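Visitor: Generate a structure from the sequence data that follows.
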Amino acid sequence: MTSKANRIYINFLVHGSEQLESGLSHIETILDKMFPGVPRTWLVVDNSVNQSMVQQINPDRWLISGDNSLWEFSGWDHGYKFIRDQFCLVTGDVIIYANDTFHRRAYSLGGISHLDEF
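Guide: Prediction:
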């Protein structure tokens, strides 16, 4: 697959840090196949944090708080607004939305995980 993406922004929602690293690793594996070589900016939105928080972990990874008022949807909304306001989005940028359960669910078809299709 040839990618036309300029940059990938990952809006990854978690509720605590228990599944954070394993989720990021799964996303990285998928993106390596779908968008090889495309620069990435990681935004982790933690819906378990009850106060406003913004931390830059490294140049390409941020951690912010969500509010969990509408579960994933409000967290992703916080993430989208942060990405929109913090970065200069241009045509060709891609925003990936995922939460910390996508890689832990037992979706299967004939014994093959749907994630294996990526």
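Visitor: Please count neighbours and contacts with C-alpha atoms only from this point.
Guide: OK.
Visitor: List the contacts of Ser69.
Guide: Contacts here follow C-alpha atoms under 8 Å, 6 or more residues apart in numbering; on that basis Ser69 touches nothing.
Visitor: cool, and Asp32?
Guide: The contact partners of Asp32, by C-alpha under 8 Å, 6+ apart, come to none.
Visitor: pLDDT averaged over the helix or strand containing it, what's the number?
Guide: When secondary structure is defined using DSSP states H and E, the element that contains Asp32 is helix 20-34. Across helix 20-34, pLDDT averages out at 92.
Visitor: Ok, stretch 93-109 next?
Guide: The pLDDT scores in stretch 93-109 average 79.
Visitor: what's around Asn58, how many residues?
Guide: 10 (other C-alpha atoms under 10 Å).
Visitor: where along the protein do the strands fall?
Guide: Across the chain, reading from the start of the chain, the strands by DSSP state E fall at 8-14, 40-46, 54-58, 61-65, 94-99, 108-109, 112-113.
Visitor: rank these by pLDDT, which is bottom?
Guide: Sorting those by mean pLDDT places strand 108-109 lowest, at a mean of 52.
Visitor: Present the strands of the chain as JSON lines; the columns should include distance to Lys81.
Guide: As requested, the strands of the chain are exported to JSON lines (distance: least, C-alpha to C-alpha, whole Å):
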{"stretch": "strand 8-14", "distance to Lys81": "10"}
{"stretch": "strand 40-46", "distance to Lys81": "11"}
{"stretch": "strand 54-58", "distance to Lys81": "13"}
{"stretch": "strand 61-65", "distance to Lys81": "11"}
{"stretch": "strand 94-99", "distance to Lys81": "12"}
{"stretch": "strand 108-109", "distance to Lys81": "34"}
{"stretch": "strand 112-113", "distance to Lys81": "32"}
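Visitor: picking up where we left off before, how far out from the middle of the chain is the helix holding Asp32?
Guide: For helix 20-34, the separation from the chain centroid amounts to 9 Å (computed by C-alpha atoms, centre = their mean, to the nearest Å).
Visitor: just the angle between that helix and strand 94-99, please?
Guide: Using axes from the mean of the first three to the mean of the last three C-alpha atoms, to 10 degrees, the interaxial angle of helix 20-34 with respect to strand 94-99 works out to 140 degrees.
Visitor: Lovely, talk soon.
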